[in-house]
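Asker: Sequence first, predicted coordinates after that:
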Amino acid sequence: MRTRNLASTAAAGAVVALATMAATAQNAEMKMEAPTKAVAVLIPTKTGGSIAGTITFRKGEKGTRVLAELTGVPAGKHGFHIHEFGDASSPDGKAAGGHFDPKGTKKHGDPSKADVRHLGDLGNIEADDSGKATYDKEYPDLPLDMILGHGVVVHEKADDFGQPVGNAGGRLAVGVIGVAKGN
Ligand SMILES: [Cu+2]
């Protein structure tokens, strides 16, 4: 009898403990707001020279606005993509993997034209003679939450939108997309 009472008391205690844990978890979840801004700071690869800059991703009314301000970029167009991995650890930038393609389209494309493309295909970023490059485009189909933790790559050459990856050559810089303080 006594043992049984103890057992049921313990069981009741466990139920209370579990309920408390669940309530705490729920509160924590409710307090955590969905990210509205993310940033990637570029790290030059071994061929990236003095390239530097920050790419900002802002949650818009629909989709994501991508803004970049870079310096030290060789004049001209450079392929600019979100890549699969947020991994800037290799000197050639290849640890960032291939183009971010969560929909599995396996098709490279020009974001201003192609409706079917790797979601990470952001086209080109163009630098002037002083090495300054800016970018400001909004993508209705690019959810901010989905790109967090992935990588951004600035390529050596222009993206000509040829298959399979746009012939943009090597990688000048890699950044990792991380959650930033909102606004
Ligand atoms: Cu790329």
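Answerer: Cool, the structure landed.
Asker: For the ion, give me its nearest residue in the chain.
Answerer: Sorted by distance to the ion under C-beta to the ion, the residues of the chain start with His81, at 3.4 Å. Glycine gets a C-beta too; all of them are placed from N, C-alpha and C.
Asker: Tell me the helix or strand right after the helix-or-strand element of the chain with minimal mean pLDDT.
Answerer: Scoring the helices and strands of the chain by mean pLDDT, DSSP states H and E places helix 2-31 at the bottom, with a mean of 56. On the C-terminal side of helix 2-31, the closest following helix or strand by DSSP states H and E is strand 37-41.
Asker: gap between that following strand and the chain center?
Answerer: Relative to the chain's own centre, strand 37-41 is displaced by 8 Å; criterion: C-alpha atoms, centre = their mean, to the nearest Å.
Asker: now swap in stretch 73-86 and tell me
Answerer: Taking C-alpha atoms, centre = their mean, the mean C-alpha location of stretch 73-86 is offset from the chain mean by 13 Å.
Asker: With stretch 85-105 instead?
Answerer: Its chain's average C-alpha position is 10 Å from that of stretch 85-105, according to C-alpha atoms, centre = their mean.
Asker: Ok, stretch 110-120 next?
Answerer: What separates the centre of stretch 110-120 from the centre of its chain is 16 Å, taken as C-alpha atoms, centre = their mean.
Asker: Kindly report the same for stretch 62-69.
Answerer: Its chain's C-alpha centre and that of stretch 62-69 lie 11 Å apart, by C-alpha atoms, centre = their mean.
Asker: Does the ion have contacts with stretch 84-103?
Answerer: No. For stretch 84-103, no contact with the ion is found by C-beta under 5 Å from the ion; the gap never falls below 5.6 Å.
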